[in-house]
Each structure stands twice: as C-alpha cells, then as structure tokens.
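Engineer: What follows is a protein structure lacking sequence information:
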C-alpha cells in the first residue's frame, strides 16, 4: 500500500468517527440557539472559553510529547505513558486545590453582563472544575488509543460521550418540561427542583458525559503504574512546556476574543454580542471537523514516518491535497451560507453572518499551520511553536483590545484571520530554515488565492446568491480535477 494511501486511510478512520461525533453534537447548536436567546448563549460561550484555556494548561502538551517519546523510545512505551499521565494528574490535582476554595472570587472575575447572578456563576464554576478534572485525566488514555492504532475504540468512546450529553440535554430541554406541563408521573417531583431555561443543565450534562468517558477508559487507566522515571520525566517536561505554551496560545487565539467581547463591551449588550458572534462562528464546524480529523490521523503518522528516506516528499504531497481540500470546503461553505445559516436556527443570530468569511479563512490558515508545524515537533525544536503561537496570541489580544470597542465582534473575526495568517507564514519561513520540506508553494498559493477571490465574489459582490456561489464552486472543483486528476488516480491505484 502506498504511503499516501495509508495516510488517507488512517485519516479517513478518524474522520469517520469524528464526523459521527460531530453530527451528533451538531444537534446541540440549533437546539441551544433555538432554546436560548443570544444573551444566555453568551454565558455558555464564556464558560466554555475559560474551560478551553484551562484544559490547555492542565494537559500540559503531554499528548504531543507522548507521541514523540513513544517513537523515540519504543522499548519504554509504558514508562513514557506512566510519566505523561502522572504529570497531568499531579497538575490537575494542584489546580483543584488552588481553585475550589476561591470559587466566589473567580465567579466575580468571570461574570459578564447584568442578567446572571454571582451565585449562579459560582455553581457553574463547580461543575466546570469537575469537567476539567475528568477530561484531563482522560488525555493520555485517549492518546494511548491513537498510538495503539485503535481509531474505532477511540471513536466509540467519543461517540458515547456525545450521545450521553445530547440525551441529557434533550431530557432537560424537552422531556422534563413535557412531563411537568402534562402532569405525567413524576411531574410534581420534577417541578420541585426544575428551572426551565436554566443554562446550568448544559453544564451538568457535560459533567455526567465526562464521568461516563472516564469509566469507559478504565482499561487504559489500568495500564498505569505508580512509578516515575526521573530521566524520562524531566526530558518529557522539557519537551512539553513549549508545546504547552503553543497550545495555550492557540486556545487564546480561539477563545480570548469572546472573553474580551464580554469584558469590553457595554454590560447592557455584551452577553448578546458574545452570543451572536459565537453562534455564527459555529458555521465553521464544517471546516473544523476536517481539520480535527486531519490532526488526529496526521500526528501519529508524521512521527512514525519521520525516519523514512522520502519523508519530506510525503509531507509535501500531503500538504498539496490538504490545501486543495480545505479550499474547496471554504468556497463551498460560503457558497451555501444562506442554507447553512439555518444550522443556527434563530434569526436573532443572523445579524452576525458577516463574520463567516474571515473566520473561515482563519481556519484555512490554521489548518495549513497545523500541517506545517510538523517540522518543529520532529526536530525537537518545540520552542518555535511557542514563539509562533505566542506572537499569534499577542496579535489576538492587542488588536482585539484596540478594535473591539469600535467594531465589536467584526473586529474579532478579522483579528482571528490576521493572527492565523501570521502564524502560518512564520511557521513556513522558520521551518524552511531549520527543517526544509519541499512544499509546492506556488501551486498551493494559487489555490488559496483563487478560493479567496471566489469567496469574495460569492459573499460580497453577489450578496450570498446561492446559484452564483455554487457555480463558482463547480468552476473551482473542475479546475482542481483538471490539474490533479491524473496524479490522484495514480496514487490510489498503487498497492
């Protein structure tokens, strides 16, 4: 089997389970945006934005570090796994000890707007502390499943997590109110504690789902031993902390704009604008599924293939088809945004649709950056990941701070575009100096520029006309097929 075909197969397996998982979880966005107004959705977004930041801190970049050291020291796979797990577990335990006694103070800091009480925020924080602890104890067990080449088991656990969460959301939003409204069995008991429209039920659903996931990963947790190897542990930490900072910077790029919107806008409408921005940003799910599936398949593949003689050519070829695919998706999503907007099934959110093109191109740049980042991971120069993501985070924070007061969430969308584009360019320039890979830069740039032109015409010139947009998509597809068809057939005909 050809290397490219093998890589495509691995990515397809992770892609399939990721798509199933995302399709199930995608029920939640129209459910939330229909059930909750933008102000309430803004609370939901704020809490999950903070959780994402702390998840990056607590996982400490150990997922990437585990893959690197597992391939570096295959004879000590169990020791690498043990040391990575206990590093995350100790950090998570310390975090819990330092935060739980100060829930009141933390709630006062993160609270936005005027519509939600301090006491409610305190309750939300307690739920999220439980979610963070459980999720981070599962980081290395999930990585082990990927390293062992078990995408179906990995996908099953992820899908069960989503099924539990979606089911509980449906129970809280529809089933219990139906029981109370129709005076069915248990109605009186439900009415004694149930609060209709309370966003806290979303967080409870996540907490229960995280607990179920933890239990399902018991076989991987049972493989852990209570011992440290000081040499491996210290080397893993040295490799990992720049990855941590890079991951944290990425999370800042993804979420800090929403936190700044909540803090910098007038409290009378801050929750509303955060909700509108976050709701419309959910249209990027169609790109993020592909990027996530690519990352899940690519990271173990890149590490395991690094010693091959033709590794550079393989990475370059993967980049070619990654760029083509993501550009097709970029053009296709914008071409059909008038249909896809019903994914956020509430017209109160649609005022923010102008954020979609810049956010989507930001994801295009992010996907390319993730592909490019292989160079500093394979060459043990993770400090460059720190520099690149750190500069991206600075761009995000500084320019959001400067422009949010004037342009609200439109500033955040364009700053996201700028930050990821800067990161993409820096990674390529530094990568070619330190770990040259023969990327087809001119060809990739042609696809990127044409996709941007087509998106501009579709969204801004022809005002989201679905027929014109899809005509441009067909032209783009035809051009890509004409250019790449023969090579694709040759690749997938190899055994």
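Structural biologist: Perfect, thanks for sending it. Computed from a predicted model, the values in this text were never measured in an experiment.
Engineer: which intervals of this protein have sub-threshold pLDDT?
Structural biologist: Residues of the chain meeting the criterion pLDDT under 70: 1-27, 296-301, 303-306, 486-495.
Engineer: top helix in it by residue count?
Structural biologist: helix 383-434 (DSSP state H).
Engineer: quick one: that helix to chain centroid distance?
Structural biologist: Put simply, helix 383-434 sits 17 Å off its chain's centre (CA atoms, centre = their mean, to the nearest Å).
Engineer: Are there helices or strands packed against that helix, and which ones?
Structural biologist: Using 3 or more CB pairs under 8 Å, 6 or more residues apart in numbering; DSSP states H and E as the contact test, the elements touching helix 383-434 are helix 230-264, helix 270-281, helix 356-372, helix 374-378. Bear in mind the C-beta positions are built from the backbone N, C-alpha and C, glycine included.
Engineer: Quick one: list the elements packing against the longest one.
Structural biologist: Meaning helix 230-264. helix 38-59, helix 62-72, helix 77-99, helix 270-281, helix 383-434.
Engineer: Could you check the stretch of helix or strand residue 471 belongs to and say which residues are buried?
Structural biologist: If you go by DSSP states H and E, residue 471 is part of helix 466-493. Neighbour counts using 16 or more other CB atoms under 10 Å place 468-469, 472-473, 476, 480, 484, 491 of helix 466-493 among the buried residues.
Engineer: which helices and strands does that helix pack with?
Structural biologist: Judged by 3+ CB pairs under 8 Å, 6+ apart, helix 466-493 is in contact with helix 3-26, helix 311-335, helix 337-340, helix 441-456.
Engineer: Could you check the angle that helix makes with helix 441-456?
Structural biologist: Inter-element angle recorded for helix 466-493 and helix 441-456: 150 degrees (by axes from the mean of the first three to the mean of the last three CA atoms, to 10 degrees).
Engineer: begin at 31 from here
Structural biologist: All right, first residue 31 from here; so that's helix 496-523.
Engineer: and helix 496-523 with helix 341-365, angle?
Structural biologist: Here helix 496-523 points in a direction 160 degrees away from that of helix 341-365 (the same axes, to 10 degrees).
Engineer: how far does helix 496-523 sit from the chain's center?
Structural biologist: On the basis of CA atoms, centre = their mean, helix 496-523 sits 28 Å off its chain's mean C-alpha point.
Engineer: how close does the residue of the chain positioned farthest from its centre sit to residue 436?
Structural biologist: Taking CA atoms, centre = their mean, the residue of the chain most remote from its mean C-alpha position is residue 213, at 41.7 Å. Separation of residue 213 from residue 436 (CB to CB, to the nearest Å) stands at 53 Å.
Engineer: before we move on, what about residue 60?
Structural biologist: From residue 60 to residue 436 the distance is 31 Å (CB to CB).
Engineer: Which one's more surrounded, those two?
Structural biologist: Taking neighbours as other CB atoms under 10 Å, residue 60 and residue 436 compare with residue 60 leading, 16 against 8.
Engineer: Contact partners for the more buried one?
Structural biologist: By CB atoms under 8 Å, 6 or more residues apart in numbering, the contact set of residue 60 is 372-375.
Engineer: secondary structure element for it?
Structural biologist: helix 58-65.
Engineer: Report the angle between that helix and helix 300-311.
Structural biologist: If you take the same axes, to 10 degrees, helix 58-65 sits at 140 degrees to helix 300-311.
Engineer: the inter-axis angle of helix 58-65 versus helix 68-89?
Structural biologist: Using the same axes, to 10 degrees: helix 58-65 against helix 68-89 is 150 degrees.
Engineer: Now helix 58-65: buried residues?
Structural biologist: Applying a neighbour-count criterion of 16+ other CB under 10 Å, one finds 58-63, 65 buried in helix 58-65.
Engineer: what's the closest non-adjacent residue to residue 318?
Structural biologist: In space, and not counting its chain neighbours, residue 318 is closest to residue 393: 6.4 Å by CB to CB, 6 or more residues apart in numbering.
Engineer: next one: residue 470
Structural biologist: In this structure, residue 470 finds its nearest non-sequential neighbour in residue 350, 5.6 Å apart by CB to CB, 6+ apart.
Engineer: tally of neighbours for that neighbour?
Structural biologist: For residue 350, the neighbour count with other CB under 10 Å is 16.
Engineer: wait, residue 381 sits on residue 307?
Structural biologist: No. Residue 381 lies out of contact with residue 307 (CB atoms under 8 Å); the separation is 10.2 Å.
Engineer: The two - which one has more neighbours?
Structural biologist: residue 307 (25 against 13).
Engineer: How much space separates that one from residue 62?
Structural biologist: From residue 307 across to residue 62, the span is 14 Å (CB to CB).
Engineer: what do you get for residue 187?
Structural biologist: 24 Å.
Engineer: from memory residue 266 sits against residue 117, does it?
Structural biologist: Yes. Contact criterion CB under 8 Å: residue 266 and residue 117 qualify, at 7.0 Å.
Engineer: measure residue 248 to residue 120 for me?
Structural biologist: The gap separating residue 248 from residue 120 is 20 Å, by CB to CB.
Engineer: Quick check: closest non-adjacent residue to residue 155.
Structural biologist: residue 133 (5.2 Å).
Engineer: List the residues that contact the one you found.
Structural biologist: Here residue 133 is in contact with 152, 155-156, 159 (CB under 8 Å, 6+ apart).
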